[in-house]
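Trainee: sequence first, then the predicted structure:
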Amino acid sequence: MARVIAIDGPSGAGKSSVSRLVAKRLGYQYLDTGALYRALALYLTRKGIDPEGPDDKIVNVAKGAEIRLDGERVFLNDEDVSDAIRTPEAGHHASVFSARKSVREYLFKIQKDAGQSCDIVAEGRDMTTVVFPNARVKIYLDASEEGRAARRYRQLNEKGMPITMEEALDDVRERDFRDKNRDIAPLIRSEDALYLDTTNMGLEAVVDRIIKEAQ
Ligand code: DC
């Protein structure tokens with residue numbers, strides 16, 4: 001069994017930047033499970049699937065989605081969707097579809113398999129609780145609502161997707177509510193995860209703390 005560092009936390013807590021750097025420094029692969037949810041939601045949305053519709057229909061259509069992560073790029077049936085999945089709308093669809101059992105079960109195996117073949121840093125909402133409950137290192141990354149909204153505001157504006165601070169805050173609150181209150185695999189702080197509030201921590205300090213934990 002390969003080594004797994006599992007990192008959970010709400011949207012905008014800095015999981016991606018942190019996980020990417022931890023993986024680079026330890027020579028592990030980085031598994032961005034949010035990208036899988038975003039890519040599958042993009043596919044289902046394009047196919048006109050109703051997120052409230054029956055699970056068997058969602059599964060049947062989902063079978064047509066071949067999602068591949070290649071370094072930083074995300075491919076959906078060989079189309080590079082790396083940018084398309086990063087819009088606020090794509091994030092919203094991912095959050096809505098991720099509440100569905102069919103979607104979670106479909107992506108569970110892909111995530112589990114990724115942890116079999118090589119050492120990984122896996123980040124998402126249910127890494128420490130559902131997908132890799134036996135991970136060697138478990139981390140819960142958090143930050144204040146305002147801090148997370150400010151990060152989202154900066155990132156989207158830098159990418160040329162203008163958003164106001166108020167919209168960023170609304171988006172963070174809406175996603176927190178949905179991710180924490182869904183019936184299946186909600187985002188929860190696992191008791192055996194190291195809790196890190198990154199509101200006033202620099203990126204390097206967070207990465208160093210996790211690497212210390214891993215060693
Ligand atoms: O981390 P992110 O913003 O890219 O994730 C997008 C959505 O996908 C998030 O709102 C909830 C869902 N998600 C999930 O339910 N479980 C995961 N392990 C990762 C993401």
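Mentor: Sure, I can see it. Numbering: from 1, shown residues only.

Trainee: gap between I67 and G124?
Mentor: Distance check for I67 against G124: by Cβ to Cβ, to the nearest Å, it reads 14 Å. Just so you know, the C-beta spots here come from the backbone N, C-alpha and C atoms, and that holds for glycine as well.

Trainee: helix or strand for the spatially most central residue of the chain, which one?
Mentor: In the chain, the centroid-proximal residue (Cα atoms, centre = their mean) is G34; its distance is 2.8 Å. Using DSSP states H and E, the element containing G34 is helix 33-46.

Trainee: what residues does the helix or strand that comes right after that helix touch?
Mentor: Using DSSP H and E, the helix or strand that directly follows helix 33-46 along the chain is helix 55-62. Taking Cβ atoms under 8 Å, 6 or more residues apart in numbering as the criterion, the residues outside helix 55-62 that touch it are L40, Y43, L44, K47, I49, F97, R100, K101, S102, V103, E105, Y106.

Trainee: show me which of those residues are buried.
Mentor: Neighbour-count burial within the contacts of helix 55-62 applies to L40, Y43, L44, I49, F97, R100, S102, V103, Y106; the criterion is 16 or more other Cβ atoms under 10 Å.

Trainee: sorry, back to before: compare I67 and G124 (neighbour count), which wins?
Mentor: More neighbours sit around G124 than around the other of I67 and G124, counting by other Cβ atoms under 10 Å; the figures are 28 against 22.

Trainee: what's the neighbour count on Y195?
Mentor: Residue neighbour count, defined by other Cβ under 10 Å, stands at 12 for Y195.

Trainee: give me the below-cutoff pLDDT ranges for the chain.
Mentor: 1 (pLDDT under 70).

Trainee: around the ligand, pick out the residues from it.
Mentor: Residues of the chain that fall close to the ligand, judged by Cβ under 6 Å from any ligand atom: 11, 33-34, 37-38, 91, 94-95, 98, 124-126, 175, 179.

Trainee: look at L69 and give its secondary structure.
Mentor: Classification of L69 using DSSP: H, G, I helix; E, B strand; the rest coil returns strand.

Trainee: bridging residues for it?
Mentor: V74 (DSSP bridges).

Trainee: quick one: it from A122, how far?
Mentor: L69 sits 11 Å away from A122, going by Cβ to Cβ.

Trainee: what about the two, which has more around it?
Mentor: Just comparing L69 and A122: by other Cβ under 10 Å the higher neighbour count belongs to A122, 26 against 19.

Trainee: so where do the strands sit in this structure?
Mentor: Secondary structure of the chain (DSSP state E): strands located at 4-8, 29-32, 67-70, 73-76, 79-80, 120-124, 137-142, 194-197.
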